[in-house]
Every structure is written in C-alpha cells, then in structure tokens.
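Student: Prediction below, plus the sequence it came from.
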Amino acid sequence: TSAVTVSGSVRCTDADPTILHYLGISTSAAGPDDAAFRRCLSLGINRQSLVSGLLSGHAKAAQFPISPVSPLYPTELDTSFSATAFADVLTACEARPTHTLRLLVNSENTFKVSMAQQIAAAFTAAGVTTEAVSLPWEEYTAALTAGSFDLYYGEVRLTADWNAASLLATGGSLNYGGWSDLQCDQLLETCRTSTDRKAALNALCRYLQTQAPILPVCFETVSALYESDVLEGLTPTAAE
C-alpha cells in the first residue's frame with residue numbers, strides 16, 4: 001500500500017535525423033506568387049524562438065534545406081531575425097496581398113499546430129493577415145493535392161545527401177506549391193552530379209534565398225532515453 005520509489009541514473013541522447021519542417025507556398029496564389037513577398041515572409045519567421053518555445057529545443061533552426069549540423073550548411077547566408085526589419089520590408093513590399101492567407105496544418109500533431117498558429121500570429125501582427133487552418137490528415141493532404149492553400153506547414157525526411165528535388169524540382173512529388181523554375185532545376189541537378197558538393201549546395205542555397213519557393217523552419221531531433229551504463233555509443237541512422 002505504500003508508494004514505490006524507483007531511482008536511477010537516466011541519460012538522454014538527442015540525435016539529428018534529416019527531418020525538415022518547412023512552410024510550403026502556393027507560388028500561383030496572389031501575393032505568394034511574388035518572390036519579393038516570399039522573401040519578406042521568410043524574414044518574419046523567428047525560427048530560434050519557435051524551436052525553444054514550442055518544440056522544447058528538440059530541433060535546430062534552419063533557413064535552408066540542409067541540417068545546421070552538416071558542414072555543408074551555409075552559415076554565412078543566415079539572416080538574423082528582427083521584428084522591426086520584418087515590418088519595414090513588408091511596408092515596402094508592393095506585392096503584399098490584401099486577402100487573408102490560409103496556412104494549412106495537420107490537426108493530428110499538436111506541436112505542428114502550435115508552430116503554425118504562432119507563425120500565423122506573427123505574420124498577422126506585422127500586417128499580413130494569416131489564418132492557421134487545422135485539418136485531419138486526409139483533408140490536409142487532399143487540400144495540398146488540390147492546391148487549396150496559400151501556405152502549409154509541412155515535414156519531410158530528406159535523404160542524407162540533402163537532395164530536395166522532391167520539394168523544389170518541377171513536377172516534384174512533394175512540390176504541392178507548383179514551383180517551376182529552370183534555373184532551380186539546373187542547380188538541383190548540379191547538386192546531384194557535382195563532385196564539389198559544398199559549392200553546388202551553396203549556389204543552390206543562394207538562389208533559394210532570393211526566390212524562397214519554400215521557407216525552411218527547422219530540423220527536428222529525436223531523443224533516446226535510457227538507463228546509464230546500459231547502452232553506449234548510440235549512433236543515429238538515416239532512417240532514425
């Protein structure tokens with residue numbers, strides 16, 4: 001009848017898989033069809049604050065579809081968040097839409113819902129009215145396939161070579177936003193075939209920064225919790 005007390009030494013190991021969280025964009029919708037406006041939206045995402053406040057630090061903020069733990073990540077291209085700078089560029093952006101942007105998110109993941117709501121609130125506060133719309137998985141994927149959105153909160157497990165063709169190539173299987181750009185296609189192909197991967201990925205990231213067809217948010221981490229001295233040398237794989 002007495003309470004049972006169990007004590008022990010427990011360790012937690014975080015691993016860095018290739019799981020990217022990002023905002024997809026309908027590049028045919030009024031407003032989001034303009035690269036200048038998309039760049040504005042990218043400046044309005046306080047990635048580090050979202051990661052620490054809503055994901056309890058179990059992710060790493062990223063502005064490009066390459067994990068920050070990779071030596072290939074272009075740190076020199078990162079832009080610091082500033083609410084004032086975001087408001088200023090929005091004021092100057094002629095392509096800013098007048099209608100409410102629709103940001104879709106899968107309702108079955110409360111963390112993603114919170115992230116989408118926070119992003120929508122930040123956009124709205126800066127002058128771009130945005131509504132986070134939570135949908136069950138079947139309705140969410142159907143809306144993406146039909147293109148019934150301005151923005152959506154997405155997640156994708158990239159391959160370990162950071163091949164983002166499924167998201168960014170013309171006709172890519174996850175290219176729900178309809179982005180089609182010959183130069184981007186050529187840069188993606190160069191990333192696939194070049195022997196100088198760092199230079200190829202850097203060139204791609206520089207182009208993505210100007211065009212912003214998707215808005216990377218973070219790479220999530222996974223945690224293994226185990227009793228000390230029971231396991232040693234845990235190594236993550238590409239799958240988990």
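Tutor: Yep, it's here.

Student: for the protein, which spans come out with low pLDDT?
Tutor: 1, 4-7, 238-239 (pLDDT under 70).

Student: where exactly do the strands run in this structure?
Tutor: Using DSSP state E, the strands of the chain run over 10-15, 19-25, 59-61, 101-106, 130-135, 151-157, 214-220, 222-227.

Student: Turn those into TSV, including mean neighbour count and distance to L182.
Tutor: C-beta coordinates here come from the backbone N, C-alpha and C atoms, glycine included. TSV is the format used below for the strands of the chain (neighbours: other C-beta atoms under 10 Å; distance: least, C-beta to C-beta, whole Å):
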stretch	mean neighbour count	distance to L182
strand 10-15	12	37
strand 19-25	23	19
strand 59-61	22	30
strand 101-106	22	27
strand 130-135	20	30
strand 151-157	20	23
strand 214-220	24	18
strand 222-227	11	37
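
Student: For the ones you listed, give me a markdown table that also has distance to P32.
Tutor: Output for those, formatted as a markdown table (distance: least, C-beta to C-beta, whole Å):
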| stretch | distance to P32 |
| --- | --- |
| strand 10-15 | 34 |
| strand 19-25 | 5 |
| strand 59-61 | 22 |
| strand 101-106 | 7 |
| strand 130-135 | 11 |
| strand 151-157 | 7 |
| strand 214-220 | 10 |
| strand 222-227 | 32 |
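
Student: from what I can see L167 touches Y176, true?
Tutor: No - assessed by C-beta atoms under 8 Å, L167 is found out of contact with Y176, at 9.0 Å.

Student: what touches both of those two?
Tutor: Common contacts of L167 and Y176 (C-beta atoms under 8 Å, 6 or more residues apart in numbering): G24.
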